[in-house]
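A.B. asks: Give the three-dimensional model of this entry:
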Amino acid sequence: MLGPTNTGKTHLAVERLCGHASGMIGFPLRLLAREVYDKVVALKGAANVALITGEEKIVPPGARWFLCTVEAMPMDREVAFVAIDEGQVAADPERGHVFTDRLLNARGYAETMILGSETLRPLIRKLLPEAEIINRPRFSTLTYAGSKKLSRLPRRCAIVAFTAAEVYALAEMLRRQKGGAAVVMGSLSPRTRNAQVAMYQSGEVDYLVATDAIGMGLNMDIAHVAFASLGKFDGRRQRRLLLSEMAQIAGRAGRYQKDGTFGTVQLGTAEAASFTPEEIEGLEQHRFEPLTQLVWRNTDLDFGSVSRLIAALDARPPRIELQRSDDAIDHAVLKRLAGEPWVMERTHPKLGARAVARLWAACGLPDYRKTGAEQHARLVGRVFRHISEGDGRLPEAWIASELAHLDRLSGDVDTLADRIAGARTWTYIANRPDWLADAPHWAERTRAVEDRLSDALHTALTQRFVDRRTAVLLRDLKARGGEQRVEIDPDGAVAVEGEVIGQLDGFRFTVDAQARAGEQRLLLAAAERYLVKEMARRAGQLVAAPDAAFALDFAGRMPPRVLWNGARVAALRKGREAMSPRIELDRALAARAIDDRRRVQARLDSWFAAAMVRELGPLVQLATLRDTVSPVARGLIVRLVETLGALKRSEANVQVEALPRADRQALIRAGVRLGALHVFVAQALRPEPTRWRLALWAVWNDIASLPELPPPGRVSIPGADALPEAFLDAAGFWRIGSEAVRIDMVDRLARAIHNRREGRSPFMPDPNWAASAGLTRDGLARLLRALGYRLQLVDGAPHYAWRGQRRAPPSPEPGSDARTSPDSPFAILASMKGR
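C.D. replies: Here you go, the predicted structure:
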């Protein structure tokens, strides 16, 4: 049965359903299936009627009449009557393949009815030549009423837009000018949508703002439909509405034998969208271009292996009237998971077709949150991991945790809508009894969470768009042909029509904190059309920028960030080695073109490599010596690089003592100090290299937060007893009681002390030692004791004597290496270990 909207086709299908001993109707919307289910229950009794959707299953044992979404129709059930509502959806790129399958294969043994637009007629003739086509003309007329200002729109009017931002903006304008509006969008749950529609139907508000979700399944008293736009983004590109899409929406005006009108709405000074004369004639006369192809996907699936399943899904259509669908979300997720080793192991052909079928069932989990195949595959993968191991059931603790996280009623409209989408995911899962140990319990729990969130969302929408008393700053909804003025000041301020809406810092746009939520979404939507070009321009500037334009932003806050002209563009993440972190682009760059992201990534990698050579050159050079030295030296180099240039002598003494003289000299030339208590790269202890080393150390060790970094130029840290030992080691400091001294200063003092004393004779410390190391007098005393000297009073004055030997050893001969003298500071450690 073909014809325009508002012809009573669905009502007739329900009558035919009830006239048969059994039957089934597939609807395009869960909302519509539920609405008709309630009507049939009133006629036939709840024990005889079933409701089957992706998120809700009510199937009494003796059910004979089934109301379903098209996707959820039980194709294996034999019934007398089958009807498919809105058959023209078979041409939809996303859902069309399911409708096409039902048109071709769903049959009642007594009667089959296909309800849809007249545009289906040629394809029905070709694909189903035996079908009888009955045309149902529209009972009322639809007339073009021209363009009207928002303030001049008549009562009982629906205004249609195609983005949530536009819907919110229109609703806020109507709140200011008309007292409020109901809101209907596809992202709303059926319960919220019903509540909003009821508010409109009851007369509490006289205006309804909706997306094209109004075009299907909602029967309301609408006298006039006003289009705020005649173009939409279809998931791939921005395009003008098809005439059939205009008709689906405009046809909501008028009801049964009550005439309706349609037109456009003019907002501010922007030129209103306009219909062409041909479009007006087609809408008024209900004449549209016929469909030439339906979207198709193979349903004869081969579960012998994952590769065979994918090949079956990729099969070409058998007829020219059918076109293969683009990869739907389930198909795309399957392809992403197919390459995972653990998935291949759990779907090995030796495990049988059931394992592959179970994977395909998991891939069928709808992406209600519209996160995309990449992110949705993570959730699907986790579900499949659980249902493919153990008892094949999802852990109840996981479900309970997720529901607890979602079951929060705070937040704005978008937050609540997103939580509802999450709840719908779990509602779908709860209606898979083979996935859960107690499916009825979880179905009730998930439904309760969704209902609470839906009620909260309805309240939030009502408070925002009906009861709000504040003014709306917006003057124009949407520019046409670039007429809306968007400006970016040198300081990054973004203004739309002279109104500052936020700040563009690098690639990160921040909405003005003074703007309300609705203003933010609308004004951002207007600015984004220009920001796309601006972002591409800035990507080019970043790629061409000199190294001086970049900097490492790190003062202890994690993760360390990469700045470009002071703006955050990336962060350091753990890589394959401590000195080779991964540079992760900022989220603000995620929406940029792939080529722009690749070029930006390459430029940041190039800068980082050069910066490492500049700031940590000796460490980088040291790493290159591995293949030119003995195994002993190579091992020491590896440990020094791993610890980013500072190593306790006690942890490497065996290797140091075993170093051949040639390797020892090579290390010294490379900047390595073989100190008494530490082995270190001296230049790496300077302030800026230390900041870089701490950043690399924190990233490599997954440190969540760090203490305050040592001030640049400080060689000691008071109050060090409160600092973690690992942090001090990474910073190049040695703890001495409540103080910490930079390890190169410890080495310098050890050398100075060696030069000061004569054998075992007591000596008086130089007063300047404490000052040079930034120590207190007590701190210097502790340092001397730690180096192996004991306090001794000589004529009442404090002196220190070395505790290493009874007999004072001879001083090193001129020209000898102090490291070879058993009395040198470099032998102290060995002496202390021997005691």
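A.B. asks: After the top strand by length along the chain, which helix or strand is next?
C.D. replies: In the chain, taking DSSP state E as the definition, the longest strand is strand 567-577. Using DSSP states H and E, the helix or strand that follows strand 567-577 in sequence is strand 580-585.
A.B. asks: Specify the angle between the helix or strand following that next one and strand 580-585 in degrees.
C.D. replies: As assigned by DSSP H and E, the chain's next helix or strand after strand 580-585 is helix 594-615. Angle, helix 594-615 to strand 580-585, by axes from the mean of the first three to the mean of the last three C-alpha atoms, to 10 degrees: 140 degrees.
A.B. asks: What are the buried residues along helix 594-615?
C.D. replies: Residues of helix 594-615 classed as buried: 596, 599-601, 603-604, 607-608, 611-612, 615 (neighbour count, 16 or more other C-beta atoms under 10 Å). All C-beta spots, glycine's among them, are computed from the backbone N, C-alpha and C.
A.B. asks: Now for the residues you listed: which two are most distant?
C.D. replies: Spanning the widest gap among the buried residues of helix 594-615 are Asp596 and Glu615, at 27.8 Å by C-beta to C-beta.
A.B. asks: Helix, strand, or coil at Asp302?
C.D. replies: Reducing the assignment at Asp302 to three states with DSSP: H, G, I helix; E, B strand; the rest coil gives coil.
A.B. asks: Wait, it touches Asp314, no?
C.D. replies: No: Asp302 is not in contact with Asp314 according to C-beta atoms under 8 Å; the separation is 11.3 Å.
A.B. asks: Which one of the two is surrounded by more residues?
C.D. replies: Higher neighbour count among Asp302 and Asp314: Asp302, with 16 against 13, using other C-beta atoms under 10 Å.
A.B. asks: What are the neighbouring residues in contact with the more buried one?
C.D. replies: 308-309, 311-312 (C-beta atoms under 8 Å, 6 or more residues apart in numbering).
A.B. asks: any idea how far it is from Cys18?
C.D. replies: Per C-beta to C-beta, to the nearest Å, Asp302 is found 40 Å from Cys18.
A.B. asks: next one: Ala90
C.D. replies: Note on Ala90: its distance to Cys18, by C-beta to C-beta, is 26 Å.
A.B. asks: that older thread, which of the buried residues of helix 594-615 lies closest to Thr628?
C.D. replies: Set against Thr628, the nearest of these by C-beta to C-beta is Met612 (20.4 Å).
A.B. asks: Could you check the pLDDT of the nearest residue to the closest one once chain neighbours are set aside?
C.D. replies: Of all residues not flanking Met612 in the chain, Val620 sits nearest, at 5.7 Å (C-beta to C-beta, 6 or more residues apart in numbering). Looking at Val620, its pLDDT stands at 89.
A.B. asks: count of neighbours near Val620?
C.D. replies: Number of residues near Val620 (other C-beta under 10 Å) recorded here: 15.
A.B. asks: for it, helix, strand, or coil?
C.D. replies: Under three-state DSSP, Val620 comes out as helix.
A.B. asks: contacting residues around it?
C.D. replies: By C-beta under 8 Å, 6+ apart, the contact set of Val620 is 579, 612-613.
A.B. asks: And for Phe262?
C.D. replies: Per C-beta under 8 Å, 6+ apart, neighbours of Phe262: 142-145, 224-227, 250, 253, 283.
A.B. asks: what about it, distance to Ser650?
C.D. replies: 85 Å.
A.B. asks: And for Ala539?
C.D. replies: From Ala539 to Ser650 the distance is 50 Å (C-beta to C-beta).
A.B. asks: Looking at these two, which one has more neighbours?
C.D. replies: Between Ala539 and Ser650, counted using other C-beta under 10 Å, the more crowded position is Ala539 (21 against 12).
A.B. asks: wouldn't that one be in contact with Arg599 here?
C.D. replies: Yes: between Ala539 and Arg599 there is a contact under C-beta under 8 Å: 6.7 Å.
A.B. asks: got a list of what the residue lying closest to Gly54 once chain neighbours are set aside touches?
C.D. replies: Nearest non-adjacent residue to Gly54, counting by C-beta to C-beta, 6+ apart: Tyr428, 5.0 Å away. With contacts defined as C-beta under 8 Å, 6+ apart, Tyr428 is in contact with 54-55, 365-366, 368.
A.B. asks: what helix or strand does Tyr428 sit in?
C.D. replies: helix 413-430.
A.B. asks: Per-residue pLDDT of Arg64, please?
C.D. replies: For Arg64, the model assigns a pLDDT of 95.
A.B. asks: Repeat that for Ser705.
C.D. replies: Taking Ser705 on its own, its pLDDT is 83.
A.B. asks: List the residues that contact it.
C.D. replies: Listed by C-beta under 8 Å, 6+ apart, the contact set of Ser705 reads 556-558.
A.B. asks: Let's see that with 10 Å instead.
C.D. replies: Contact analysis of Ser705 by C-beta atoms under 10 Å, 6 or more residues apart in numbering lists 556-558, 698.
A.B. asks: Likewise for Thr69?
C.D. replies: 26-34, 51-56, 85, 95, 98.
A.B. asks: now do Thr112
C.D. replies: With C-beta under 10 Å, 6+ apart, Thr112 has these contacts: 81-84, 102-103, 106, 128, 131.
A.B. asks: Reduced to three states, what does it come out as?
C.D. replies: Assigned by three-state DSSP, the conformation of Thr112 is strand.
A.B. asks: what's the burial count for the residue lying closest to Ala106 once chain neighbours are set aside?
C.D. replies: Nearest residue to Ala106 in three dimensions, chain neighbours excluded: Val82, at 5.1 Å (C-beta to C-beta, 6+ apart). Using other C-beta under 10 Å, Val82 has 27 other residues around it.
A.B. asks: surely Val82 meets Leu17?
C.D. replies: Yes: contact criterion C-beta atoms under 10 Å: Val82 and Leu17 qualify, at 9.2 Å.
A.B. asks: hey, what's in contact with both of those two?
C.D. replies: Residues touching both Val82 and Leu17 (C-beta under 10 Å, 6+ apart): 23-25, 66, 108, 111, 113.
A.B. asks: Nearest to Val715 among these?
C.D. replies: Phe66 (81.2 Å).
A.B. asks: Looks to me like that closest one is in a strand.
C.D. replies: Yes: assessed with three-state DSSP, Phe66 lies in a strand.
A.B. asks: what's across from it in the sheet?
C.D. replies: Met24, Ala50 (DSSP bridges).
A.B. asks: for it, what are its contacts?
C.D. replies: Counting by C-beta under 10 Å, 6+ apart, Phe66 makes contact with 17, 22-26, 33, 37, 40, 49-52, 59, 72-74, 77, 79, 82.
A.B. asks: Show me these that map onto strands.
C.D. replies: Per DSSP E, the contacts of Phe66 map to strands at 23-26, 49-52, 82.
A.B. asks: are any of those residues buried, and which?
C.D. replies: Buried among those (16+ other C-beta under 10 Å): 23-26, 49-52, 82.
A.B. asks: I'd say Arg745 and Arg673 touch.
C.D. replies: To be clear, residue 745 is Met; Arg isn't right here. No: counting by C-beta under 10 Å, Met745 stays clear of Arg673, with 11.7 Å between them.
A.B. asks: Overlap in contacts, those two.
C.D. replies: Counting by C-beta under 10 Å, 6+ apart, the residues touching both Met745 and Arg673 are Leu685.
A.B. asks: residues touching Phe288, list them.
C.D. replies: 4, 88, 117-119, 242-247, 279, 282.
A.B. asks: Please tabulate the residues you listed in TSV, including the columns pLDDT, secondary structure and neighbour count.
C.D. replies: Putting these into TSV (pLDDT from 0 to 100; DSSP: H, G, I helix; E, B strand; the rest coil; neighbours: other C-beta atoms under 10 Å) gives the following:
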residue	pLDDT	secondary structure	neighbour count
Pro4	54	coil	21
Gln88	90	helix	23
Ser117	84	coil	23
Glu118	84	helix	21
Thr119	87	helix	21
Leu242	85	coil	15
Leu243	87	helix	18
Ser244	83	helix	17
Glu245	85	helix	16
Met246	89	helix	24
Ala247	88	helix	24
Glu279	90	helix	20
Gly282	89	helix	18
